[in-house]
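S.K.: I'd like to go over a predicted model; first the sequence, then the structure.
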Amino acid sequence: MDPGGIDYNELKRQAARAALQFVEDGVIGVGTGSTVNHFIDLLAQVKDRVQGAVSSSQASSLRLEALGIPVLDLNEVGWLDLYVDGADEANRRLELIKGGGGALTREKIVAAASRRFVCIADESKLVEELGRFPLPIEIIPMARSLITAKLQELGGRPQLRQGFVTDNGNQILDVHGLHINDPVGLEKELNNIPGVVCVGIFALRPADVLLLGTTEGVRVLSREGAA
């Protein structure tokens with residue numbers, strides 16, 4: 001609970017619970033993070049509908065397997081009807097910053113392979129402009145100095161995430177100080193820097209639905225408008 005008396009953990013649980021309504025019979029995609037952990041735990045209530053899951057991280061895979069939910073390879077499954085994941089930031093166009101947990105590359109792959117992407121978060125994650133949360137970028141280690149210089153030219157302050165290696169064996173730069181007023185354009189530009197594996201901007205493939213846990217209940221936003 002924060003000093004203002006808001007139990008953000010409970011707000012995350014609210015959003016995770018609301019996502020259960022989107023789960024239909026079949027295989028689902030499951031992301032990574034504290035809000036997703038609530039969703040995975042709640043999947044125990046609808047296990048009969050879940051034939052298996054494609055997971056974006058080893059941590060989520062272990063949690064799913066502990067519930068007896070088979071973890072499947074995306075290459076064997078193909079397209080997914082549903083992907084549920086959290087976000088570090090979201091704007092009203094449902095463009096996101098993700099990667100605080102370091103699983104951004106696999107998250108982006110699963111999101112791209114899913115027909116519907118439902119994002120779950122607490123109300124503090126909704127912002128007018130992305131960039132307050134440092135932007136994670138997964139990089140090939142030998143390109144770190146090159147990428148750092150390019151990011152500095154764009155006005156960012158990249159910092160290597162110390163002591164962290166992604167599930168893919170790469171490093172992460174957390175970029176501070178960016179004002180991301182054109183998420184699609186910046187995602188494309190950063191993708192073109194040699195050595196960048198994945199950028200934590202999810203704008204080329206944003207969420208389709210955003211479920212926000214608030215002190216007044218779950219707020220639903222969609223790309224067609226807020227509800």
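M.R.: Everything's here; your move.

S.K.: in the lengthiest helix in the chain, what counts as buried?
M.R.: Using DSSP state H, we find that the single longest helix of the chain is helix 8-19. Within helix 8-19, the residues that count as buried by 16 or more other Cβ atoms under 10 Å are Tyr8, Leu11, Lys12, Arg13, Gln14, Ala15, Ala16, Arg17, Ala18, Ala19. Every residue, glycine included, has its C-beta placed from N, CA and C.

S.K.: any idea which of the residues you listed is closest to Ala143?
M.R.: Lys12 (34.9 Å; Cβ to Cβ).

S.K.: which element is Phe133 on?
M.R.: Using DSSP states H and E, Phe133 maps to neither a helix nor a strand.

S.K.: and it, how many neighbours?
M.R.: Number of residues near Phe133 (other Cβ atoms under 10 Å) recorded here: 20.

S.K.: what sits against it?
M.R.: Phe133 makes contacts with Asp88, Glu89, Ile97, Gly100, as judged by Cβ atoms under 8 Å, 6 or more residues apart in numbering.

S.K.: among those, which two are most distant?
M.R.: Checking these against each other with Cβ to Cβ, the farthest-apart pair comes out as Glu89 and Gly100, at 9.4 Å.

S.K.: Of the two, which one has the most company?
M.R.: Each of Glu89 and Gly100 has its neighbours counted (other Cβ under 10 Å); Glu89 has more, 24 against 21.

S.K.: Could you break the protein into its assigned domains?
M.R.: Following automatic domain parsing, one finds the domains of the chain at 8-128+204-226, 135-200.

S.K.: winner for burial among those?
M.R.: domain 8-128+204-226 (a mean of 19; mean count of other Cβ atoms under 10 Å).

S.K.: residue ranges of the helices in the chain, please?
M.R.: Remark: helices assigned in the chain by DSSP H are 8-19, 34-42, 58-66, 74-77, 104-112, 144-153, 183-191.
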